[in-house]
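Colleague: Sharing a model prediction with you, sequence too.
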Amino acid sequence: MLAGIYVERDSFFHKLDPRAKLAWALMVLAASMATQFNGLKSLPVFASVVIALAVSGMGAGLAALIIFNASVFLLVTTLVWASMYALEGTPVLKLGWLVLTDVGLLVALGKFFLIINPVLAFVVFFASTKPYHVSWTLERLGVPSKLATAFVIAICLLPSMVRTARDVIDVQRARGLALDKGSIIERLSKYAPILIPLMARLIGDVWDLGMVLASRGVGYAKRRTYVFEPAWGLRDTAFSALTLAFYGVIAAWGLLL
Amino acid sequence: MPEEAKPGKAVHVVAVVVGLALVVAVVWLFAQALAASPENPWAAFPISQIFLGARDAMLVIGGLVWILGTAAFLLELAGYTVTREGLRKTGMGIASWGVVDVALTALSAAVYGGLLFATAPIVLVPGFTWLRPANALAPLFGMFFGIPGCLGAAIGNLIADILGGFFGVGSIGGFVGNFLIAYLPYKFVKDHSFTTASSIGEFYVWGVIGQAIVSAVYICWWLDVMQAFVGLPIFVIWGVIAPIIFSNNVVVTAILSPILGRALFPLISARGLYWKQRIRAG
(Lines give C-alpha, C1' and ligand atoms only; values in the text may rest on other atoms or scores of the structure.)
Protein backbone atom coordinates (compact mmCIF):
# COMPACT_ATOMS: atom_id res chain seq x y z
CA MET A 1 0.00 0.00 0.00
CA LEU A 2 2.83 2.37 0.85
CA ALA A 3 4.57 2.06 -2.54
CA GLY A 4 2.37 4.89 -3.84
CA ILE A 5 3.19 5.69 -7.45
CA TYR A 6 6.76 4.31 -7.22
CA VAL A 7 7.50 1.72 -9.93
CA GLU A 8 10.44 -0.67 -9.47
CA ARG A 9 12.71 -0.58 -12.53
CA ASP A 10 16.42 -0.68 -13.32
CA SER A 11 16.47 2.47 -15.40
CA PHE A 12 18.87 5.40 -15.72
CA PHE A 13 16.49 7.61 -13.73
CA HIS A 14 16.15 5.04 -10.93
CA LYS A 15 19.92 5.08 -10.48
CA LEU A 16 20.18 8.86 -10.18
CA ASP A 17 20.48 10.60 -6.81
CA PRO A 18 16.98 11.86 -5.82
CA ARG A 19 18.37 15.36 -5.34
CA ALA A 20 19.49 15.43 -8.99
CA LYS A 21 16.02 14.28 -10.08
CA LEU A 22 14.25 16.84 -7.91
CA ALA A 23 16.51 19.61 -9.25
CA TRP A 24 15.69 18.41 -12.78
CA ALA A 25 11.92 18.51 -12.09
CA LEU A 26 12.25 22.05 -10.71
CA MET A 27 14.29 23.08 -13.77
CA VAL A 28 11.51 21.74 -16.01
CA LEU A 29 9.05 23.88 -14.04
CA ALA A 30 11.29 26.96 -14.30
CA ALA A 31 11.86 26.50 -18.06
CA SER A 32 8.10 25.97 -18.61
CA MET A 33 7.38 29.18 -16.69
CA ALA A 34 9.97 31.11 -18.70
CA THR A 35 8.47 29.96 -22.01
CA GLN A 36 4.78 30.09 -21.03
CA PHE A 37 3.95 32.84 -23.55
CA ASN A 38 5.30 30.96 -26.55
CA GLY A 39 4.33 27.31 -26.95
CA LEU A 40 6.95 26.71 -29.64
CA LYS A 41 9.73 27.64 -27.22
CA SER A 42 8.41 25.25 -24.57
CA LEU A 43 8.13 22.41 -27.07
CA PRO A 44 11.77 21.22 -26.43
CA VAL A 45 10.96 21.09 -22.69
CA PHE A 46 7.93 18.95 -23.44
CA ALA A 47 10.02 16.68 -25.70
CA SER A 48 12.62 16.31 -22.92
CA VAL A 49 10.06 15.19 -20.30
CA VAL A 50 8.50 12.66 -22.69
CA ILE A 51 12.00 11.26 -23.30
CA ALA A 52 12.57 11.20 -19.53
CA LEU A 53 9.34 9.28 -19.08
CA ALA A 54 10.53 6.69 -21.60
CA VAL A 55 14.08 6.55 -20.13
CA SER A 56 12.70 6.11 -16.61
CA GLY A 57 11.09 2.85 -17.73
CA MET A 58 7.52 4.11 -17.49
CA GLY A 59 7.14 3.63 -21.23
CA ALA A 60 5.81 5.84 -23.98
CA GLY A 61 2.35 4.28 -23.44
CA LEU A 62 1.96 5.98 -20.08
CA ALA A 63 3.16 9.25 -21.62
CA ALA A 64 0.56 8.90 -24.38
CA LEU A 65 -2.16 8.19 -21.79
CA ILE A 66 -1.23 11.23 -19.68
CA ILE A 67 -1.04 13.44 -22.75
CA PHE A 68 -4.40 12.14 -24.00
CA ASN A 69 -5.98 12.83 -20.61
CA ALA A 70 -4.40 16.27 -20.63
CA SER A 71 -5.90 17.12 -24.01
CA VAL A 72 -8.90 18.52 -22.15
CA PHE A 73 -6.48 21.06 -20.62
CA LEU A 74 -5.32 21.96 -24.14
CA LEU A 75 -8.91 22.59 -25.18
CA VAL A 76 -9.66 24.73 -22.11
CA THR A 77 -6.36 26.66 -22.31
CA THR A 78 -7.03 27.38 -25.98
CA LEU A 79 -10.55 28.64 -25.23
CA VAL A 80 -9.49 30.78 -22.26
CA TRP A 81 -6.10 32.14 -23.31
CA ALA A 82 -6.71 32.48 -27.03
CA SER A 83 -9.84 34.53 -26.29
CA MET A 84 -7.83 36.75 -23.92
CA TYR A 85 -5.36 37.49 -26.73
CA ALA A 86 -8.02 37.86 -29.41
CA LEU A 87 -6.93 41.44 -30.18
CA GLU A 88 -3.22 40.63 -30.59
CA GLY A 89 -1.62 39.08 -33.69
CA THR A 90 -3.20 37.85 -36.90
CA PRO A 91 -6.59 36.10 -36.76
CA VAL A 92 -6.34 32.45 -37.76
CA LEU A 93 -9.87 31.21 -37.04
CA LYS A 94 -13.25 32.70 -36.05
CA LEU A 95 -15.82 30.60 -34.15
CA GLY A 96 -18.73 32.89 -33.30
CA TRP A 97 -17.46 35.32 -30.63
CA LEU A 98 -14.19 33.39 -30.29
CA VAL A 99 -11.34 34.75 -32.41
CA LEU A 100 -8.17 32.66 -32.47
CA THR A 101 -5.03 34.59 -33.40
CA ASP A 102 -1.50 33.27 -33.93
CA VAL A 103 -0.35 35.01 -30.73
CA GLY A 104 -3.31 33.63 -28.78
CA LEU A 105 -2.60 30.10 -29.97
CA LEU A 106 1.10 30.35 -29.02
CA VAL A 107 0.16 31.60 -25.53
CA ALA A 108 -2.47 28.85 -25.16
CA LEU A 109 0.08 26.20 -26.17
CA GLY A 110 2.65 27.68 -23.76
CA LYS A 111 0.11 27.64 -20.90
CA PHE A 112 -0.77 24.03 -21.78
CA PHE A 113 2.90 23.04 -21.53
CA LEU A 114 3.15 24.99 -18.26
CA ILE A 115 0.57 22.54 -16.88
CA ILE A 116 1.64 19.28 -18.49
CA ASN A 117 5.48 19.54 -18.35
CA PRO A 118 5.80 19.78 -14.53
CA VAL A 119 3.17 17.03 -14.09
CA LEU A 120 5.17 14.65 -16.29
CA ALA A 121 8.43 15.65 -14.57
CA PHE A 122 7.02 15.00 -11.09
CA VAL A 123 5.49 11.71 -12.26
CA VAL A 124 9.01 10.69 -13.35
CA PHE A 125 10.42 11.86 -9.99
CA PHE A 126 7.89 10.04 -7.81
CA ALA A 127 7.71 6.93 -10.03
CA SER A 128 11.49 6.49 -10.06
CA THR A 129 12.26 7.44 -6.43
CA LYS A 130 11.48 5.16 -3.50
CA PRO A 131 9.23 6.87 -0.90
CA TYR A 132 12.01 6.18 1.61
CA HIS A 133 14.38 8.30 -0.50
CA VAL A 134 11.81 11.05 -1.11
CA SER A 135 11.64 11.45 2.66
CA TRP A 136 15.47 11.45 2.86
CA THR A 137 15.64 14.16 0.16
CA LEU A 138 13.10 16.37 1.93
CA GLU A 139 15.02 16.05 5.20
CA ARG A 140 18.23 17.01 3.39
CA LEU A 141 16.42 20.15 2.21
CA GLY A 142 15.66 21.06 5.83
CA VAL A 143 12.08 19.80 6.13
CA PRO A 144 11.41 18.50 9.69
CA SER A 145 11.57 14.72 9.84
CA LYS A 146 7.97 14.20 10.99
CA LEU A 147 6.61 16.55 8.33
CA ALA A 148 8.65 14.81 5.61
CA THR A 149 7.32 11.44 6.81
CA ALA A 150 3.72 12.74 6.77
CA PHE A 151 4.17 14.16 3.25
CA VAL A 152 5.60 10.91 1.89
CA ILE A 153 2.87 8.78 3.51
CA ALA A 154 0.24 11.13 2.02
CA ILE A 155 1.78 10.81 -1.46
CA CYS A 156 1.88 7.03 -1.05
CA LEU A 157 -1.74 6.82 0.12
CA LEU A 158 -3.01 9.15 -2.59
CA PRO A 159 -3.63 6.53 -5.34
CA SER A 160 -5.61 4.29 -2.98
CA MET A 161 -7.51 7.30 -1.62
CA VAL A 162 -8.44 8.43 -5.16
CA ARG A 163 -9.60 4.86 -5.93
CA THR A 164 -11.65 4.78 -2.72
CA ALA A 165 -13.21 8.17 -3.49
CA ARG A 166 -14.17 7.00 -6.98
CA ASP A 167 -15.55 3.72 -5.56
CA VAL A 168 -17.70 5.63 -3.04
CA ILE A 169 -18.95 7.93 -5.82
CA ASP A 170 -19.81 4.91 -8.00
CA VAL A 171 -21.57 3.12 -5.14
CA GLN A 172 -23.62 6.18 -4.21
CA ARG A 173 -24.51 6.73 -7.87
CA ALA A 174 -25.64 3.11 -8.09
CA ARG A 175 -27.91 3.81 -5.11
CA GLY A 176 -29.50 6.70 -6.98
CA LEU A 177 -27.34 9.70 -6.09
CA ALA A 178 -27.40 12.07 -9.08
CA LEU A 179 -24.43 14.39 -8.62
CA ASP A 180 -25.02 16.26 -11.85
CA LYS A 181 -28.69 17.13 -11.31
CA GLY A 182 -30.28 20.01 -9.40
CA SER A 183 -29.18 23.52 -8.53
CA ILE A 184 -25.61 24.31 -7.42
CA ILE A 185 -26.71 24.14 -3.77
CA GLU A 186 -28.49 20.81 -4.27
CA ARG A 187 -25.54 19.34 -6.15
CA LEU A 188 -23.10 20.44 -3.46
CA SER A 189 -25.18 18.99 -0.64
CA LYS A 190 -25.17 15.65 -2.49
CA TYR A 191 -21.44 15.40 -1.77
CA ALA A 192 -22.17 14.75 1.93
CA PRO A 193 -22.84 11.00 1.35
CA ILE A 194 -19.47 10.84 -0.44
CA LEU A 195 -17.37 12.82 2.01
CA ILE A 196 -18.72 11.20 5.21
CA PRO A 197 -17.72 7.59 4.28
CA LEU A 198 -14.27 8.82 3.24
CA MET A 199 -13.80 10.65 6.52
CA ALA A 200 -15.03 7.56 8.37
CA ARG A 201 -12.29 5.58 6.65
CA LEU A 202 -9.72 8.21 7.67
CA ILE A 203 -10.92 8.02 11.27
CA GLY A 204 -10.68 4.23 11.18
CA ASP A 205 -7.14 4.23 9.75
CA VAL A 206 -5.52 6.79 12.07
CA TRP A 207 -4.82 4.54 15.06
CA ASP A 208 -3.65 1.65 12.82
CA LEU A 209 -1.24 3.93 10.97
CA GLY A 210 -0.13 5.43 14.29
CA MET A 211 0.73 1.95 15.58
CA VAL A 212 2.66 1.13 12.42
CA LEU A 213 4.65 4.34 12.79
CA ALA A 214 5.24 3.69 16.51
CA SER A 215 6.48 0.16 15.79
CA ARG A 216 8.99 1.68 13.35
CA GLY A 217 10.20 4.15 15.94
CA VAL A 218 8.97 7.29 14.16
CA GLY A 219 9.48 10.35 16.32
CA TYR A 220 11.74 8.80 18.95
CA ALA A 221 14.82 10.58 17.63
CA LYS A 222 14.93 14.21 16.53
CA ARG A 223 16.16 13.17 13.08
CA ARG A 224 15.28 9.96 11.32
CA THR A 225 18.18 7.64 10.45
CA TYR A 226 18.50 5.84 7.11
CA VAL A 227 20.20 2.51 6.39
CA PHE A 228 20.41 3.04 2.65
CA GLU A 229 21.47 6.59 1.80
CA PRO A 230 21.90 7.68 -1.81
CA ALA A 231 25.41 8.81 -2.73
CA TRP A 232 26.03 11.66 -5.17
CA GLY A 233 28.25 10.43 -8.00
CA LEU A 234 29.81 11.51 -11.28
CA ARG A 235 26.64 10.48 -13.15
CA ASP A 236 24.58 12.89 -11.01
CA THR A 237 27.02 15.75 -11.58
CA ALA A 238 27.05 15.18 -15.35
CA PHE A 239 23.23 14.89 -15.49
CA SER A 240 22.73 18.05 -13.44
CA ALA A 241 25.25 20.04 -15.51
CA LEU A 242 23.66 18.92 -18.78
CA THR A 243 20.10 19.65 -17.67
CA LEU A 244 21.13 23.02 -16.21
CA ALA A 245 22.71 23.98 -19.53
CA PHE A 246 19.76 22.70 -21.59
CA TYR A 247 16.95 24.28 -19.55
CA GLY A 248 19.05 27.39 -18.85
CA VAL A 249 19.37 28.07 -22.60
CA ILE A 250 15.62 27.46 -23.12
CA ALA A 251 14.69 29.71 -20.20
CA ALA A 252 16.98 32.47 -21.51
CA TRP A 253 15.43 32.03 -24.97
CA GLY A 254 11.98 32.35 -23.49
CA LEU A 255 12.80 35.38 -21.34
CA LEU A 256 15.19 37.38 -23.50
CA LEU A 257 14.33 36.76 -27.15
CA MET B 1 -14.08 34.93 27.33
CA PRO B 2 -15.97 36.08 30.48
CA GLU B 3 -19.59 34.89 30.72
CA GLU B 4 -21.09 38.40 30.45
CA ALA B 5 -19.12 39.18 27.28
CA LYS B 6 -20.42 36.18 25.31
CA PRO B 7 -22.52 37.16 22.30
CA GLY B 8 -26.17 36.11 22.49
CA LYS B 9 -28.02 33.55 20.43
CA ALA B 10 -29.42 36.31 18.17
CA VAL B 11 -25.89 37.27 17.09
CA HIS B 12 -25.19 33.68 16.06
CA VAL B 13 -28.47 33.43 14.17
CA VAL B 14 -27.58 36.66 12.36
CA ALA B 15 -24.14 35.19 11.45
CA VAL B 16 -25.79 32.11 9.92
CA VAL B 17 -28.36 34.20 8.06
CA VAL B 18 -25.63 36.51 6.69
CA GLY B 19 -23.53 33.49 5.63
CA LEU B 20 -26.44 31.84 3.82
CA ALA B 21 -27.52 35.16 2.27
CA LEU B 22 -23.96 35.51 0.97
CA VAL B 23 -24.22 32.08 -0.66
CA VAL B 24 -27.49 33.00 -2.37
CA ALA B 25 -26.05 36.37 -3.42
CA VAL B 26 -22.88 34.81 -4.89
CA VAL B 27 -24.83 32.23 -6.92
CA TRP B 28 -27.49 34.72 -8.05
CA LEU B 29 -24.97 37.46 -8.97
CA PHE B 30 -22.87 35.02 -10.98
CA ALA B 31 -25.97 33.75 -12.82
CA GLN B 32 -26.88 37.37 -13.64
CA ALA B 33 -23.33 38.09 -14.83
CA LEU B 34 -23.36 34.97 -16.99
CA ALA B 35 -26.68 36.00 -18.54
CA ALA B 36 -25.46 39.55 -19.18
CA SER B 37 -22.06 38.62 -20.58
CA PRO B 38 -21.75 34.92 -21.49
CA GLU B 39 -18.35 35.36 -23.17
CA ASN B 40 -16.80 37.05 -20.11
CA PRO B 41 -19.02 36.80 -17.00
CA TRP B 42 -16.19 38.00 -14.73
CA ALA B 43 -16.35 41.49 -16.22
CA ALA B 44 -19.99 41.75 -15.09
CA PHE B 45 -19.61 39.85 -11.77
CA PRO B 46 -19.88 42.40 -8.88
CA ILE B 47 -17.47 40.45 -6.63
CA SER B 48 -14.83 40.64 -9.40
CA GLN B 49 -15.47 44.37 -9.68
CA ILE B 50 -15.08 44.82 -5.91
CA PHE B 51 -11.73 42.98 -5.84
CA LEU B 52 -10.47 44.72 -9.00
CA GLY B 53 -11.72 48.18 -8.01
CA ALA B 54 -10.08 47.91 -4.60
CA ARG B 55 -6.82 46.47 -5.93
CA ASP B 56 -4.67 49.23 -4.38
CA ALA B 57 -6.33 48.72 -1.01
CA MET B 58 -6.07 44.94 -1.49
CA LEU B 59 -2.31 45.25 -1.94
CA VAL B 60 -2.03 46.97 1.46
CA ILE B 61 -4.56 44.73 3.22
CA GLY B 62 -3.11 41.66 1.49
CA GLY B 63 0.39 42.59 2.68
CA LEU B 64 -0.86 42.77 6.27
CA VAL B 65 -2.82 39.52 5.91
CA TRP B 66 0.25 37.88 4.39
CA ILE B 67 2.53 38.98 7.23
CA LEU B 68 0.04 38.00 9.95
CA GLY B 69 -0.93 34.73 8.23
CA THR B 70 2.65 33.66 7.58
CA ALA B 71 3.69 34.62 11.13
CA ALA B 72 0.79 32.57 12.57
CA PHE B 73 1.74 29.66 10.31
CA LEU B 74 5.40 29.66 11.42
CA LEU B 75 4.58 30.23 15.09
CA GLU B 76 2.06 27.38 15.19
CA LEU B 77 4.52 25.00 13.50
CA ALA B 78 7.05 25.97 16.16
CA GLY B 79 4.48 25.18 18.87
CA TYR B 80 3.44 28.71 19.88
CA THR B 81 0.22 30.66 19.54
CA VAL B 82 -0.70 34.30 20.06
CA THR B 83 -3.18 34.96 22.89
CA ARG B 84 -4.35 38.08 24.72
CA GLU B 85 -1.69 37.32 27.33
CA GLY B 86 1.06 37.05 24.71
CA LEU B 87 2.82 34.04 23.19
CA ARG B 88 1.87 30.67 24.69
CA LYS B 89 3.05 27.12 24.05
CA THR B 90 0.39 24.94 22.41
CA GLY B 91 1.96 21.50 22.65
CA MET B 92 1.00 21.03 18.99
CA GLY B 93 4.20 22.18 17.26
CA ILE B 94 5.89 19.70 14.94
CA ALA B 95 8.60 18.96 17.51
CA SER B 96 5.94 17.78 20.00
CA TRP B 97 4.10 15.57 17.51
CA GLY B 98 3.48 11.94 18.36
CA VAL B 99 2.77 9.18 15.86
CA VAL B 100 -0.98 9.92 15.89
CA ASP B 101 -0.27 13.52 14.83
CA VAL B 102 1.93 12.29 11.95
CA ALA B 103 -0.80 9.81 10.96
CA LEU B 104 -3.50 12.51 11.14
CA THR B 105 -1.48 14.89 8.98
CA ALA B 106 -0.74 12.20 6.39
CA LEU B 107 -4.29 10.85 6.23
CA SER B 108 -5.89 14.33 6.16
CA ALA B 109 -3.55 15.27 3.31
CA ALA B 110 -4.26 12.04 1.42
CA VAL B 111 -8.05 12.37 1.82
CA TYR B 112 -8.03 16.08 0.92
CA GLY B 113 -5.63 15.63 -2.03
CA GLY B 114 -7.46 12.51 -3.21
CA LEU B 115 -10.82 14.25 -3.08
CA LEU B 116 -9.51 17.31 -4.90
CA PHE B 117 -8.31 14.89 -7.55
CA ALA B 118 -11.40 12.68 -7.74
CA THR B 119 -14.18 15.23 -7.34
CA ALA B 120 -12.92 18.35 -9.07
CA PRO B 121 -12.83 18.02 -12.81
CA ILE B 122 -14.16 21.51 -13.64
CA VAL B 123 -11.25 23.81 -14.44
CA LEU B 124 -12.17 27.48 -14.47
CA VAL B 125 -8.77 29.09 -14.95
CA PRO B 126 -6.23 26.59 -16.30
CA GLY B 127 -3.18 26.25 -14.12
CA PHE B 128 -4.60 27.95 -11.07
CA THR B 129 -7.99 27.07 -9.64
CA TRP B 130 -11.11 25.01 -10.08
CA LEU B 131 -14.44 24.15 -8.40
CA ARG B 132 -13.75 22.14 -5.26
CA PRO B 133 -16.47 20.53 -3.10
CA ALA B 134 -13.59 18.92 -1.15
CA ASN B 135 -12.86 22.39 0.27
CA ALA B 136 -15.66 21.71 2.76
CA LEU B 137 -13.26 19.41 4.65
CA ALA B 138 -10.41 21.90 5.18
CA PRO B 139 -12.04 23.92 8.03
CA LEU B 140 -13.15 20.66 9.66
CA PHE B 141 -9.61 19.26 9.62
CA GLY B 142 -8.48 22.30 11.60
CA MET B 143 -11.40 22.26 14.03
CA PHE B 144 -11.24 18.52 14.70
CA PHE B 145 -7.53 17.66 14.43
CA GLY B 146 -5.83 20.98 15.31
CA ILE B 147 -2.49 21.95 13.74
CA PRO B 148 -1.87 18.46 12.24
CA GLY B 149 -5.21 18.83 10.44
CA CYS B 150 -4.34 22.35 9.25
CA LEU B 151 -1.06 21.04 7.82
CA GLY B 152 -2.90 18.10 6.30
CA ALA B 153 -5.09 20.54 4.35
CA ALA B 154 -2.00 22.47 3.21
CA ILE B 155 -0.09 19.33 2.14
CA GLY B 156 -3.17 17.84 0.45
CA ASN B 157 -3.57 20.99 -1.62
CA LEU B 158 0.15 20.96 -2.50
CA ILE B 159 -0.01 17.31 -3.62
CA ALA B 160 -3.09 18.03 -5.75
CA ASP B 161 -1.18 20.99 -7.25
CA ILE B 162 1.91 18.86 -8.03
CA LEU B 163 0.05 15.96 -9.60
CA GLY B 164 -2.78 17.98 -11.13
CA GLY B 165 -0.74 20.49 -13.13
CA PHE B 166 -1.22 23.48 -10.85
CA PHE B 167 2.23 23.50 -9.24
CA GLY B 168 4.21 26.71 -9.51
CA VAL B 169 5.23 29.83 -7.61
CA GLY B 170 1.56 30.31 -6.74
CA SER B 171 1.59 27.02 -4.81
CA ILE B 172 3.54 28.68 -1.97
CA GLY B 173 0.61 31.05 -1.44
CA GLY B 174 -1.80 28.13 -1.87
CA PHE B 175 0.05 26.09 0.77
CA VAL B 176 -0.21 28.70 3.52
CA GLY B 177 -3.61 29.87 2.22
CA ASN B 178 -5.07 26.38 2.70
CA PHE B 179 -3.42 26.16 6.12
CA LEU B 180 -5.27 29.37 7.05
CA ILE B 181 -8.62 28.01 5.76
CA ALA B 182 -8.31 25.31 8.42
CA TYR B 183 -6.54 27.45 11.01
CA LEU B 184 -9.05 30.31 11.38
CA PRO B 185 -11.99 28.14 12.55
CA TYR B 186 -9.60 26.04 14.68
CA LYS B 187 -8.31 29.14 16.42
CA PHE B 188 -11.44 31.28 16.76
CA VAL B 189 -14.43 28.89 16.99
CA LYS B 190 -14.75 27.91 20.65
CA ASP B 191 -17.23 25.01 20.38
CA HIS B 192 -16.41 22.59 17.54
CA SER B 193 -19.38 20.24 18.01
CA PHE B 194 -21.84 21.90 15.57
CA THR B 195 -24.61 21.16 18.10
CA THR B 196 -25.15 24.62 19.60
CA ALA B 197 -26.12 28.02 18.21
CA SER B 198 -22.75 29.48 19.22
CA SER B 199 -20.87 26.64 17.52
CA ILE B 200 -22.68 27.08 14.20
CA GLY B 201 -22.78 30.90 14.45
CA GLU B 202 -19.05 31.19 15.13
CA PHE B 203 -18.35 28.69 12.34
CA TYR B 204 -20.21 30.90 9.86
CA VAL B 205 -18.16 33.91 10.99
CA TRP B 206 -14.72 32.25 10.88
CA GLY B 207 -15.11 29.01 8.94
CA VAL B 208 -17.24 30.47 6.14
CA ILE B 209 -16.82 34.25 5.77
CA GLY B 210 -13.49 34.86 7.54
CA GLN B 211 -11.50 32.07 5.89
CA ALA B 212 -12.97 32.85 2.44
CA ILE B 213 -11.84 36.48 2.60
CA VAL B 214 -8.44 35.71 4.15
CA SER B 215 -7.59 32.86 1.74
CA ALA B 216 -8.66 34.86 -1.36
CA VAL B 217 -6.67 37.94 -0.29
CA TYR B 218 -3.64 35.93 0.88
CA ILE B 219 -3.32 33.83 -2.30
CA CYS B 220 -4.08 36.65 -4.74
CA TRP B 221 -1.75 39.11 -3.03
CA TRP B 222 1.01 36.53 -3.43
CA LEU B 223 0.12 36.00 -7.13
CA ASP B 224 0.11 39.79 -7.66
CA VAL B 225 3.52 40.26 -6.00
CA MET B 226 4.93 37.30 -7.95
CA GLN B 227 3.30 38.40 -11.20
CA ALA B 228 6.63 38.44 -13.07
CA PHE B 229 7.05 34.71 -12.38
CA VAL B 230 3.40 33.68 -12.48
CA GLY B 231 2.61 35.47 -15.74
CA LEU B 232 -1.04 36.23 -15.05
CA PRO B 233 -2.68 39.56 -15.92
CA ILE B 234 -3.98 41.64 -12.98
CA PHE B 235 -7.52 41.20 -14.28
CA VAL B 236 -7.18 37.42 -13.99
CA ILE B 237 -5.65 37.57 -10.48
CA TRP B 238 -8.17 39.95 -8.85
CA GLY B 239 -11.04 39.72 -11.33
CA VAL B 240 -11.17 35.93 -11.78
CA ILE B 241 -9.08 33.99 -9.25
CA ALA B 242 -9.94 36.07 -6.14
CA PRO B 243 -13.73 35.85 -6.75
CA ILE B 244 -13.43 32.14 -7.58
CA ILE B 245 -11.56 31.38 -4.33
CA PHE B 246 -13.93 33.57 -2.31
CA SER B 247 -17.12 32.24 -3.97
CA ASN B 248 -16.00 28.60 -3.86
CA ASN B 249 -15.01 28.74 -0.23
CA VAL B 250 -18.15 30.61 0.89
CA VAL B 251 -20.59 28.42 -1.04
CA VAL B 252 -18.94 25.08 -0.31
CA THR B 253 -18.24 25.61 3.39
CA ALA B 254 -21.60 27.28 4.15
CA ILE B 255 -23.57 24.41 2.64
CA LEU B 256 -21.49 21.28 3.21
CA SER B 257 -19.22 21.82 6.22
CA PRO B 258 -21.94 22.15 8.92
CA ILE B 259 -23.65 18.95 7.65
CA LEU B 260 -20.33 17.09 7.65
CA GLY B 261 -19.26 18.56 10.98
CA ARG B 262 -22.52 17.59 12.70
CA ALA B 263 -22.20 14.01 11.43
CA LEU B 264 -18.47 13.54 11.99
CA PHE B 265 -17.78 15.22 15.33
CA PRO B 266 -19.30 12.40 17.45
CA LEU B 267 -17.30 9.78 15.50
CA ILE B 268 -14.04 11.69 15.89
CA SER B 269 -14.69 12.40 19.54
CA ALA B 270 -15.59 8.76 20.27
CA ARG B 271 -12.29 7.62 18.73
CA GLY B 272 -10.31 10.04 20.88
CA LEU B 273 -9.02 11.95 17.86
CA TYR B 274 -10.43 15.40 18.71
CA TRP B 275 -7.44 17.66 19.34
CA LYS B 276 -8.61 18.92 22.75
CA GLN B 277 -8.89 15.32 23.99
CA ARG B 278 -5.39 14.49 22.75
CA ILE B 279 -3.83 17.63 24.23
CA ARG B 280 -5.50 16.84 27.57
CA ALA B 281 -4.33 13.23 27.35
CA GLY B 282 -0.80 14.33 26.42
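Modeller: Perfect, thanks for sending it. Numbering: from 1, shown residues only, chains lettered A, B, ... in the order given.
Colleague: which ones are touching A:Thr129?
Modeller: Shown in contact with A:Thr129 (C-beta atoms under 8 Å, 6 or more residues apart in numbering or on different chains): A:6, A:18, A:21, A:137. The C-beta positions use only the backbone N, C-alpha and C, and glycine is treated the same way.
Colleague: Let's have those residues in JSON lines, adding pLDDT and distance to B:Val225.
Modeller: What follows is the contacts of A:Thr129, written out as JSON lines (pLDDT from 0 to 100; distance: C-beta to C-beta, whole Å):
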{"residue": "A:Tyr6", "pLDDT": "85", "distance to B:Val225": "36"}
{"residue": "A:Pro18", "pLDDT": "95", "distance to B:Val225": "31"}
{"residue": "A:Lys21", "pLDDT": "96", "distance to B:Val225": "30"}
{"residue": "A:Thr137", "pLDDT": "94", "distance to B:Val225": "28"}
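Colleague: Quick check: A:Val143 touching A:Phe151?
Modeller: Yes. Using C-beta atoms under 8 Å, A:Val143 is in contact with A:Phe151, at 7.5 Å.
Colleague: between these two, who's got more neighbours?
Modeller: Between A:Val143 and A:Phe151, A:Phe151 has the larger neighbour count (other C-beta atoms under 10 Å in any protein chain shown), namely 22 against 16.
Colleague: From B:Thr105, how far out is that one?
Modeller: Here the criterion is C-beta to C-beta, to the nearest Å. By it, A:Phe151 lies 8 Å from B:Thr105.
Colleague: and the residue nearest to B:Cys220 when sequence neighbours are not counted, what element?
Modeller: Taking C-beta to C-beta, 6 or more residues apart in numbering or on different chains, and ignoring the residues beside it in sequence, B:Cys220 has B:Ala242 as its nearest neighbour in space, at 4.3 Å. Assigned by DSSP states H and E, B:Ala242 falls within helix B:242-255.
Colleague: same for that helix, what does it pack against?
Modeller: Contact here means 3 or more C-beta pairs under 8 Å, 6 or more residues apart in numbering or on different chains; DSSP states H and E; on that basis helix B:242-255 packs against helix A:184-189, helix B:9-36, helix B:46-53, strand B:129-130, helix B:211-225.
Colleague: in chain B, what residue is nearest chain A?
Modeller: With C-beta to the nearest C-beta as the measure, B:Gly114 is the residue of chain B nearest to chain A, at 3.2 Å.
Colleague: isn't there a helix covering that residue?
Modeller: Yes. Assigned with DSSP: H, G, I helix; E, B strand; the rest coil, B:Gly114 falls within a helix.
Colleague: residue contacts, it?
Modeller: Counted by C-beta under 8 Å, 6+ apart, B:Gly114 has contacts A:157-158, A:161-162, A:164-165, A:198, B:156.
Colleague: Nearest residue to it in space, please, no chain neighbours.
Modeller: Counting by C-beta to C-beta, 6+ apart, the residue nearest B:Gly114 is A:Met161, at 3.2 Å.
Colleague: helix, strand or coil for the one you found?
Modeller: helix.
Colleague: orientation of the helix holding B:Ala242 relative to helix B:211-225 in degrees?
Modeller: With axes from the mean of the first three to the mean of the last three C-alpha atoms, to 10 degrees defining the directions, helix B:242-255 sits at 160 degrees from helix B:211-225.
Colleague: Just the residues contacting the helix or strand just after helix B:242-255, thanks.
Modeller: On the C-terminal side of helix B:242-255, the closest following helix or strand by DSSP H and E is helix B:257-270. With C-beta under 8 Å, 6+ apart as the test, helix B:257-270 has contacts from A:189, A:192, A:195-196, A:199-200, A:203, B:136-137, B:139-140, B:143-145, B:192-195, B:200, B:203, B:207-208, B:274, B:277.
Colleague: make it 7 Å
Modeller: Under the criterion C-beta atoms under 7 Å, 6 or more residues apart in numbering or on different chains, residues A:189, A:192, A:195-196, A:199-200, A:203, B:136, B:139-140, B:144, B:192-194, B:200, B:203, B:207, B:274, B:277 lie in contact with helix B:257-270.
Colleague: among the residues you listed, which are in strands?
Modeller: Applying DSSP state E to these, no entry is found in strands.
Colleague: Now that we have those residues, which of them are buried?
Modeller: Buried members of those, scored by 16 or more other C-beta atoms under 10 Å in any protein chain shown, are A:192, A:195-196, A:199, A:203, B:136, B:139-140, B:144, B:192, B:194, B:200, B:203, B:207, B:274.
Colleague: Help me confirm that A:Val7 is found in a strand?
Modeller: No. Counting by three-state DSSP, A:Val7 is not found in a strand; it is coil.
Colleague: what's the burial count for it?
Modeller: Around A:Val7 there are 17 residues (other C-beta under 10 Å).
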